[in-house]
Every structure is written in C-alpha cells, then in structure tokens.
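# Sequence and predicted structure below; questions after.
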Amino acid sequence: MPKTSPIVAIEQDPSPDLQDSLLDLLRQFTRDSVGEPNNRDFAITLRHAETRDLMGGLWGQSRWNVFLIDIVSLTGDLRGQGLGSRLMELAEIEARNRKCVLMWLDTYAFQARSFYEKHGFEVFAQFDGAPPIYPRYFMKKSLAN
C-alpha cells in the first residue's frame, strides 16, 4: 500500500481534545522508545472554609524521578501569610515520597524568583526578552541527600 502525504492544517483555536490526542501520540512514542514515563500528577488546593471556592494551590507532576512544579497560585489576600511556603514544603515532601531526585520549575521576572530561591531553588537557565515579563528563569533543586 502506498504511503499518502498528510494534510497540513493550521488550527488557530485548537480544542483541548486535540491537545490530548497529540499527547497520546507523544506518549506512545515514549513508551515505544523508553518504556512507561510514569507520569503522576499532584495537586494541593486551598479553599474558602465556607464557600469552598478555590483560593489557591499548587499543581505538579513527577516523571522519571523528577518533580515539576507547574503552578503555584494564591489569591492576593492569602499572600504573605506563609501559605506559599507551606505549599512548597508539601510538594517537596511528596517529591521525596515519590523518590524524586530533583525538583524544577520556571518563573518570570515579575513573579517569584526570590521566593523560590528562599526555598533552595537555583537558576539553571534563562530566556531573555522584553521587560517586564522577561527574563524567564528555569530553576532546580536537588533532593539528593
């Protein structure tokens, strides 16, 4: 059977289903190449005591013994109370429980580089661009004892 050329289409507003399908293709390639990636998501949420509305939290993922902190977010009224530090502490405990040897994250110049440095992260790469958004910092923390 002859191979056919694919149709190339640019999709300006792609659906989340398309993203999931592309991720499935990538995961299949990964499984075929190196085995299961053992991705495991992780979340900590902060909710209003009465309304249960989301007020903040942390989203992360472990893969191949490395823990990515993807999102750390708090409503303005919760900032400065130590809750961000508590989220980071809980994420590190979970990363260690998952036998991760490294944690990493990225942050922009207007965000929280000094906060992450306070928690033992160091910059290992930087993308430059126009202020005030850039530079963008990629940060890591070793969990090896």
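Yep, it's here. Numbers count the residues shown, from 1 in each chain.
# list the contacts for H48?
Contacts for H48 (Cβ atoms under 8 Å, 6 or more residues apart in numbering) come out as M55. Every C-beta, even on glycine, is put in place using the N, C-alpha and C of the backbone.
# do you know how far it is from Q28?
41 Å (Cβ to Cβ, to the nearest Å).
# can you list contacts of the longest helix along the chain?
Assignment by DSSP state H gives helix 16-34 as the longest helix of the chain. Applying Cβ under 8 Å, 6+ apart, the contact partners of helix 16-34 are 11, 37.
# Use 50 as the first number from now on
Yes, from this point I'll number from 50; that puts the last item at helix 65-83.
# Show me what the helix or strand just after that helix is packed against.
Per DSSP states H and E, the first helix or strand lying C-terminal to helix 65-83 is strand 89-96. Contact here means 3 or more Cβ pairs under 8 Å, 6 or more residues apart in numbering; DSSP states H and E; on that basis strand 89-96 packs against strand 103-112, helix 132-146.
# How many neighbouring residues does G105 have?
Using other Cβ atoms under 10 Å, G105 has 20 neighbouring residues.
# In contact with it, which residues?
94-95, 122-124, 127, 132, 136.
# Over to L154?
L154 neighbours (Cβ under 8 Å, 6+ apart): 117-119, 121, 165, 170, 187-188.
# Equivalent analysis for Y165, please.
Y165 touches 137, 154, 156, 188, counting by Cβ under 8 Å, 6+ apart.
# of those residues, closest to P86?
For the contacts of Y165, the closest approach to P86 (Cβ to Cβ) belongs to L154, at 18.9 Å.
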